[in-house]
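**Student:** with the sequence up front, the predicted model follows.
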Number of protein chains: 2
Amino acid sequence: MTTVDEHARTIERMLAGPLGLAGTATGTGTETVPLTDALGRITAIDVSAAVDLPLFRNSQMDGFAARAADLVGAPVSLPVVGDVPAGHAQPPALARGTVTRIMTGAIVPDGADCVVPVEDTRLSADPGFAGLGSPDSSSSDPDSTTTHAGASVTITIPRVAGDFVRERGSDLRRGELLLPAGQRLAPRHLAALAAGGHNSVLVRRRVRVAVITTGAELAPAGAALESGQIFDANLVALSAAVTEAGAELVLAESSSDDTGAFLSILKRATRTANLIVTSGGVSQGAYEVVREALEPLGAVVGHVDMQPGGPQATAVVDGVPIVCFPGNPVSTQVSFVVFLRPILRRAAGLTGLPPTARRLAGPVESVAGKRQFLRGRIRDDGTVETVAGAGSHLVAGMARADVLLDIPREITDLAAGQDVGAWVL
Amino acid sequence: MTTVDEHARTIERMLAGPLGLAGTATGTGTETVPLTDALGRITAIDVSAAVDLPLFRNSQMDGFAARAADLVGAPVSLPVVGDVPAGHAQPPALARGTVTRIMTGAIVPDGADCVVPVEDTRLSADPGFAGLGSPDSSSSDPDSTTTHAGASVTITIPRVAGDFVRERGSDLRRGELLLPAGQRLAPRHLAALAAGGHNSVLVRRRVRVAVITTGAELAPAGAALESGQIFDANLVALSAAVTEAGAELVLAESSSDDTGAFLSILKRATRTANLIVTSGGVSQGAYEVVREALEPLGAVVGHVDMQPGGPQATAVVDGVPIVCFPGNPVSTQVSFVVFLRPILRRAAGLTGLPPTARRLAGPVESVAGKRQFLRGRIRDDGTVETVAGAGSHLVAGMARADVLLDIPREITDLAAGQDVGAWVL
């Protein structure tokens, strides 16, 4: 019988190329998206700055642009010859022995080599120039550099050249690497892209996944049921799981147990998907539509040493990999968490969420001869306990779990305080 | 001067009501969404099962439904009188001394009290009944319960009543609690809702956030720049940060430094948003549009003991809370992480991502008298180091960080190996 780890490796090998898992390979292709749609996407290539950052030499503070040489022997009183708000065009060069008022982010005039913060200055009274602390809205026109005849400022301490001046390109120069290929884009990366002159970015296409559930007994959620039917929990669960793992859901349909109907949906899926996931119809009983349809196409159908989730299969049709899970809802969900979530999340630039060791709050019994994935819950003290039963049909019980406890094949009894692998849900 | 913690508490108090942060309050309202759109949403009320789970008594295995009393003294050979595939309507009651073939999930006939797995049976040869291992597609009609004249099966071991039978309602009974109010919906919860008879769910509305950036120097990302202008990094960064924190972005606009223009956007925002976030225009310099527009409306404008991010303000206009951040891009982003991300994430049912202790890889210097948020990076060994400089304009440097190192006000020197608070980005 195949082990869980062997089957996981089989699936990973099958998906590595089509999903572009190996390094710089981009099996899913690339696309250009606006920055407003790029959160969580992954850069397809190195991106360099299209402009210098900062774009121009600007002030770090609200205050006065000056020449350090004019401030030797401070306190000194100097005439204020202009006013440079942020957003203002290149101001005239600053003459020796003068200063200009300047706001944070505004262009430092040629000639000035430092900025004196307003708190280190005293402005002389001037009816046309209300000062920094109480701005006059009539002076808020950023398109005029007014000269304030008669205004002067006393600067109380000297400065050295460069003080409170942000040099052009001091953060990054045009053409330098802004973001490497393979960067998952968080808000701070989008900010850097915008500041660096970009309004769109070339990213990897997301993995496109099709979900097909099977089973003659399945009715759509909320539909009117006939005798023997149940609601299809797998379609909504697998669709959401695919989305949550960072992939793009491109098809989600339920198939009857008719092989022709199943293959018709499958063929449609192969035209848009990088990966197809199925549930149900894969065990050794009768009426197993996935096995019956895919075995003639070369599917590998077998049994994996796990509970829930034993019957598993893989296939490739028209070049598209197909991963087939059993149909019991807990089996389907556990299979996704163990076999596909790690791969899809890594393809989306997320951590694979591997199991971590957690201490058991109480004793746990497990069935011999099968690797068990028991439904568990993390307690407030960080230990874990089982919830609900082991049955693969206990879909309400599964909803009360927040971890899967991974009990090795050979273990039948675990004591309180022992460590166990826990897959967070 | 206000401390970071004081300002954080001020914002939390201001938002608690409008955002429904306090327990069961639903300040943002509720809405019904289909299960296919409900991933990550939060249940507004307790949800109970609309049907029994399982819906009917069904088989846990592929095999034969039987009476345990008939299996005493196994091996015994019994006639096979029918075939119940999954999805099949209620089969006739099982007569004493007979069995019926049954598939996993199929209705167990009245009269039968156990299921014998196929591996514990030997089927007699029967041309019209190919057996479980090699299903005959001509027998795959789930709408007929055929009697297989002459077929019989040898059951090799006895069973007790209940073996491999899933009792109706054994997972959850109709009317019992399926999901509590306040449950953030993951795939397993959606599966339980679907199985439990729901195709939609009443959830809290997401927090609706409007983002307004200000600054005469700001041009849209990628636009043609005039002298003195820079690209607006804050609009895309705050918009993405709001989305990433689980809120809904309902408006994202940049305002000039004209108070009328700013107030016009703000008024529009108050009609749709639960929260408005602004950047820029909030310090004590001239041309500070947010301060000038909101102080007459009762805004509290002040300085918080932090670097970057000192100038901060809060206001309430038309009942809508407004949180105002400074405009330097690193200041804006740090302010969001420290003051709004925890609240918005908790409102979305996510962890608040508080800072955790991390060991310093090397010595770190900090400025005295201000709580510093330095850009840092987590190394492979789990220790942290600073990246980029401390300047609040270093937007490219910020993109290289993956944590903020939180250095207390009084600390100026930290040695390698010391612990420091780290806010993950």
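**Tutor:** Happy to help now that I have it. Only a predicted model underlies this, so the values are computations on that prediction, with no experimental measurement involved. Numbering: from 1, shown residues only, chains lettered A, B, ... in the order given.
**Student:** could you use CA atoms for every contact and neighbour count after this?
**Tutor:** Fine.
**Student:** which SS state does the nearest residue to A:Gly280 once chain neighbours are set aside fall under?
**Tutor:** Closest residue to A:Gly280 apart from its sequence neighbours, by CA to CA, 6 or more residues apart in numbering or on different chains: A:Gly327 at 3.5 Å. Following DSSP: H, G, I helix; E, B strand; the rest coil, the label given to A:Gly327 is coil.
**Student:** pull the contacting residues for A:Gly327.
**Tutor:** A:Thr213, A:Thr214, A:Gly215, A:Asn234, A:Ser279, A:Gly280, A:Gly281, A:Val282 (CA atoms under 8 Å, 6 or more residues apart in numbering or on different chains).
**Student:** burial of the first one, as a residue count?
**Tutor:** If you count neighbours by other CA atoms under 10 Å in any protein chain shown, A:Thr213 ends up with 28.
**Student:** what ranges do the helices span in chain A?
**Tutor:** Applying DSSP state H to chain A gives helices spanning A:4-19, A:187-195, A:233-244, A:259-270, A:289-294, A:329-335, A:341-347, A:395-399.
**Student:** mind listing what the closest residue to A:Gln229 other than its chain neighbours touches?
**Tutor:** Computed as CA to CA, 6+ apart, the closest residue to A:Gln229 that is not its neighbour in sequence is A:Glu217, at 4.4 Å. Going by CA under 8 Å, 6+ apart, A:Glu217 touches A:Gly228, A:Gln229, A:Ile230, B:Ala86, B:Gly87, B:His88.
**Student:** now those residues in CSV, with distance to A:Met1 and pLDDT?
**Tutor:** Below are the contacts of A:Glu217 laid out as CSV (distance: CA to CA, whole Å; pLDDT from 0 to 100):
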residue, distance to A:Met1, pLDDT
A:Gly228, 33, 92
A:Gln229, 32, 94
A:Ile230, 31, 95
B:Ala86, 26, 86
B:Gly87, 30, 87
B:His88, 32, 90
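**Student:** adding neighbour count and distance to B:Ser256, write those residues out as JSON lines.
**Tutor:** Formatted as JSON lines, the contacts of A:Glu217 follow (neighbours: other CA atoms under 10 Å in any protein chain shown; distance: CA to CA, whole Å):
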{"residue": "A:Gly228", "neighbour count": "24", "distance to B:Ser256": "65"}
{"residue": "A:Gln229", "neighbour count": "23", "distance to B:Ser256": "61"}
{"residue": "A:Ile230", "neighbour count": "29", "distance to B:Ser256": "59"}
{"residue": "B:Ala86", "neighbour count": "26", "distance to B:Ser256": "66"}
{"residue": "B:Gly87", "neighbour count": "24", "distance to B:Ser256": "64"}
{"residue": "B:His88", "neighbour count": "23", "distance to B:Ser256": "68"}
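**Student:** next, give me the two most distant ones among those.
**Tutor:** Maximum pairwise distance in those, criterion CA to CA, is 10.8 Å, between A:Ile230 and B:His88.
**Student:** as CSV, the helices of chain A with mean pLDDT and distance to chain B would be great.
**Tutor:** Supplementary listing: those in CSV, determined by pLDDT from 0 to 100; distance: least, CA to the nearest CA, whole Å:
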stretch, mean pLDDT, distance to chain B
helix A:4-19, 94, 21
helix A:187-195, 98, 4
helix A:233-244, 98, 4
helix A:259-270, 98, 10
helix A:289-294, 96, 9
helix A:329-335, 97, 7
helix A:341-347, 96, 12
helix A:395-399, 96, 5
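**Student:** need the winner for burial among those.
**Tutor:** Here the criterion is mean neighbour count by mean count of other CA atoms under 10 Å in any protein chain shown, and of those the winner is helix A:187-195, at a mean of 29.
**Student:** so which elements touch that one?
**Tutor:** Packing partners of helix A:187-195 (3 or more CA pairs under 8 Å, 6 or more residues apart in numbering or on different chains; DSSP states H and E): strand A:177-179, strand B:230-231, helix B:233-244, helix B:395-399.
**Student:** out of the ones you listed, the one nearest B:Gly421 is which?
**Tutor:** Across the helices and strands packed on helix A:187-195, B:Gly421 has its closest neighbour in helix B:395-399 (17.5 Å, CA to CA).
**Student:** of the helices and strands packed on helix A:187-195, which approaches B:Leu185 most closely?
**Tutor:** Minimum separation from B:Leu185 across the helices and strands packed on helix A:187-195 (CA to CA) falls at helix B:233-244, 16.5 Å.
**Student:** right, and A:Leu21 touches A:Arg345 too?
**Tutor:** No: in this structure, A:Leu21 is not within contact of A:Arg345 by CA atoms under 8 Å, at 10.5 Å.
**Student:** joint contacts of these two?
**Tutor:** By CA under 8 Å, 6+ apart, no residue touches both A:Leu21 and A:Arg345.
**Student:** off-centre distance for the helix or strand bottoming out on mean pLDDT in chain A?
**Tutor:** One helix or strand of chain A scores below all others by mean pLDDT, DSSP states H and E: strand A:121-123, with a mean of 88. Remark: strand A:121-123 is offset 49 Å from the chain centroid, using CA atoms, centre = their mean, to the nearest Å.
**Student:** and chain B, is that strand touching that?
**Tutor:** No: among the residues of strand A:121-123, none lie within reach of chain B under CA under 8 Å from any CA of the partner chain; the closest is 13.2 Å away.
**Student:** pull out the buried residues from that strand.
**Tutor:** Applying a neighbour-count criterion of 16 or more other CA atoms under 10 Å in any protein chain shown, one finds A:Thr121, A:Leu123 buried in strand A:121-123.
**Student:** A:Glu365 is in contact with A:Ala416, correct?
**Tutor:** No: A:Ala416 is not in contact with A:Glu365 according to CA under 8 Å; the separation is 11.0 Å.
**Student:** count of neighbours near the nearest residue to A:Ile407 once chain neighbours are set aside?
**Tutor:** Spatial nearest neighbour of A:Ile407, chain neighbours left out: A:Gln372 (5.0 Å); criterion: CA to CA, 6+ apart. Burial of A:Gln372 is recorded as 24 neighbouring residues (other CA under 10 Å).
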